[in-house]
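In: here is a sequence with its predicted model. Questions after.
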Amino acid sequence: MKENQLKTGSELNQILSRELERTSKIFETSVERPSTLNGTYAIALAFLKYLYPYTYGFRCLMSTVYWIKCITDR
C-alpha cells in the first residue's frame, strides 16, 4: 500500500513539474496570461471545496488517481 502511494506521489510530482514548466513558458510568452491565473486558482479551489465533505479515502482517491489522470490526459 505504501509503495503504491509513493509511486502515485512520484507520478503526481512529475506531472506537476511538467505542468509548472509548461505554465511557466506560457506566462513568459505573454503579458496577458497573468489575468488567467485567477481562473486557474478558482478551478483548483472549486475542486478542493467539492472534495471537502467527502471521506478521507474518497478525497485521496480523487486527488491521487482521477485528478492525475485528468491532468495527464490534458
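Out: Yes, it's here.
In: now do the buried residues in the least confident helix or strand in the chain by mean pLDDT.
Out: Between all helices and strands in the chain, the lowest mean by mean pLDDT, DSSP states H and E belongs to helix 67-73, at a mean of 76. Burial within helix 67-73, assessed by neighbour count using 16 or more other Cβ atoms under 10 Å, is assigned to 67-68. Every C-beta, even on glycine, is put in place using the N, C-alpha and C of the backbone.
In: tell me which other helices or strands it touches.
Out: When contacts are defined as 3 or more Cβ pairs under 8 Å, 6 or more residues apart in numbering; DSSP states H and E, helix 67-73 packs onto helix 2-29.
In: how about the helix it packs on: buried residues?
Out: Those would be 12, 15, for helix 2-29 by 16+ other Cβ under 10 Å.
In: any idea which helix or strand comes after that helix?
Out: helix 34-51 (DSSP states H and E).
In: pull the residues that contact that next one.
Out: 27, 58-59, 62-63, 67 (Cβ atoms under 8 Å, 6 or more residues apart in numbering).
In: okay, who's weakest in those by pLDDT?
Out: Within these, residue 27 has the lowest pLDDT, namely 73.
In: for that one, give its distance to residue 40.
Out: To residue 40, residue 27 is 11 Å away according to Cβ to Cβ, to the nearest Å.
In: do residue 15 as well
Out: 15 Å.
In: now residue 29
Out: Residue 29 sits 16 Å away from residue 40 when distances are taken as Cβ to Cβ.
In: same check, this time on residue 50
Out: For residue 50, the distance to residue 40 - Cβ to Cβ - is 16 Å.
In: now swap in residue 61 and tell me
Out: From residue 61 to residue 40 the distance is 23 Å (Cβ to Cβ).
In: so for residue 74, what's the pLDDT?
Out: pLDDT, residue 74: 65.
In: my bad, residue 44
Out: 79.
In: what's around residue 64, how many residues?
Out: 16 (other Cβ atoms under 10 Å).
In: from residue 39, how far out is it?
Out: 24 Å.
In: and for residue 47?
Out: According to Cβ to Cβ, residue 47 stands 13 Å off from residue 39.
In: swap in residue 9?
Out: In this view, residue 9 and residue 39 are 27 Å apart by Cβ to Cβ.
In: thanks a lot, see you next time.
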